[in-house]
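[1] Make a model of this:
(chains A, B, C and D)
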Protein chains: 2
Amino acid sequence: MTDTFVSNPSFFKLDATLKKLRNYWQKMFDAQQKDITVDQWLLIENLYKHKKTTHNELARNTSKDITTISRIIELLVKKGLVKREADVQDRRKVYLQLTPAGVDKYKDVRSLVYDMRKIGWKTLTETDYAELTRILDTIYANIP
Amino acid sequence: MTDTFVSNPSFFKLDATLKKLRNYWQKMFDAQQKDITVDQWLLIENLYKHKKTTHNELARNTSKDITTISRIIELLVKKGLVKREADVQDRRKVYLQLTPAGVDKYKDVRSLVYDMRKIGWKTLTETDYAELTRILDTIYANIP
DNA sequence: TAGCAACTGTTGCTATGGCAACTATTGTTT
DNA sequence: AAACAATAGTTGCCATAGCAACAGTTGCTA
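    Sure, this is the predicted structure:
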């Protein structure tokens, strides 16, 4: 492993790419008056797929801190997109699920998100995608 | 391009990997009492390389918002690691550079950062690194 | 059964990220 | 020269990120 290799800023490139993606998504959301943030979208998408989950599960699924989940959910509840439901057996637990308005929001935003994903990948192949996945997974696994 | 391909969460993977990297770096900084954050380190590294820059240049070089630069620099000035110097020609401009303590901090943290970069890449090759760079650069270029 | 550990979620604090509005300065135009 | 546009940086606001401390609940164990 050369010195150049070690000192080359992959951290920086990851950060820059992610920021550009996030900004682009947010600008498109805003331009089409979707009235949500990118991270709020990620939680909505996850809640649509899992129907009924807890804060903890959502945190694991989205790779977010549980305090962040707590606060984003609070915003989504205020917007009427998510509802909380206490567990009968375990009174510590709170189940989260999309309201009908939340499901509508998911369906409304989904196609825009698909289009944006296509844009990011337009000049890349499925092999590239597999490579990126493999490398990122490896880095992830390498970190203690 | 298949539907699976489009809907697969590369955004999520980028985000998760970057977070894990950032957390690991921060924990190592804290464990060794470096008394800086990861982003503060990135600015110090940049200021070491460019010796004398403005907020604007720093923002471009680090892919950060200029308001974020302004605030991080404020923290670094308070820590005595950076000093501001007004331009004589253009009184809107402020030049930034490391203080001697800032240079010491850079030298103190550098080897730790090198080691951590090695850890992230330990099971990957230079070809992998080139691939990641190529793919991320392409995604970056694809986004409007 | 009393005590304690583990678990679920919230709140406070600080840092980063991004947009809009603002001040101050400089450059351009007429 | 006056008016205006462009530039450099700061501040206010809200959202996300993560740590520590906390409250309430549940499960385990002496």
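[2] can you tell me how far the closest residue to A:Gln97 other than its chain neighbours sits from DNA strand C?
    Leaving out its chain neighbours, the residue that sits closest to A:Gln97 by Cβ to Cβ, 6 or more residues apart in numbering or on different chains is A:Lys52, at 4.8 Å. All C-beta atoms are positioned from the backbone trio N, CA, C, and that covers glycine. A:Lys52 is 11 Å from DNA strand C, where distance means Cβ to the nearest atom of the strand, to the nearest Å.
[3] From DNA strand D, how far out is A:Lys52?
    18 Å.
[4] cool, A:Met116 as well?
    17 Å.
[5] Tell me how many other residues crowd that residue.
    Counted with other Cβ atoms under 10 Å in any protein chain shown, residues neighbouring A:Met116 total 19.
[6] what's in contact with stretch A:42-59?
    Applying Cβ atoms under 8 Å, 6 or more residues apart in numbering or on different chains, the external contacts of stretch A:42-59 come out as A:36, A:61-62, A:64-66, A:68-70, A:72-73, A:76, A:81-82, A:93-98, A:102-103, A:105-106, A:109-110, A:113, B:11-12.
[7] So which of those are in helices?
    If you go by DSSP state H, those have A:61-62, A:66, A:68-70, A:72-73, A:76, A:102-103, A:105-106, A:109-110, A:113, B:11-12 in helices.
[8] Buried residues of stretch A:25-38, list them for me.
    Of all the residues in stretch A:25-38, those buried under the rule 16 or more other Cβ atoms under 10 Å in any protein chain shown are A:25-26, A:28-29, A:34, A:36-38.
[9] right, I mislabeled it, should have said stretch A:54-64
    For stretch A:54-64, by 16+ other Cβ under 10 Å, it's A:54-55, A:58-59, A:61-64.
[10] go on, stretch A:101-110?
    Buried-residue list, stretch A:101-110, by 16+ other Cβ under 10 Å: A:102, A:105-106, A:109.
[11] wait, does that stretch contact chain B?
    No - Stretch A:101-110 is not in contact with chain B by Cβ under 8 Å from any Cβ of the partner chain; minimum separation 9.2 Å.
[12] unless I'm mixing things up, A:Leu76 is touching A:Gln40, no?
    Yes - contact criterion Cβ atoms under 8 Å: A:Leu76 and A:Gln40 qualify, at 6.1 Å.
[13] quick revisit: which among the contacts of stretch A:42-59 are in contact with DNA strand D?
    A:64-65, A:68, A:72 (Cβ under 7 Å from any atom of the strand).
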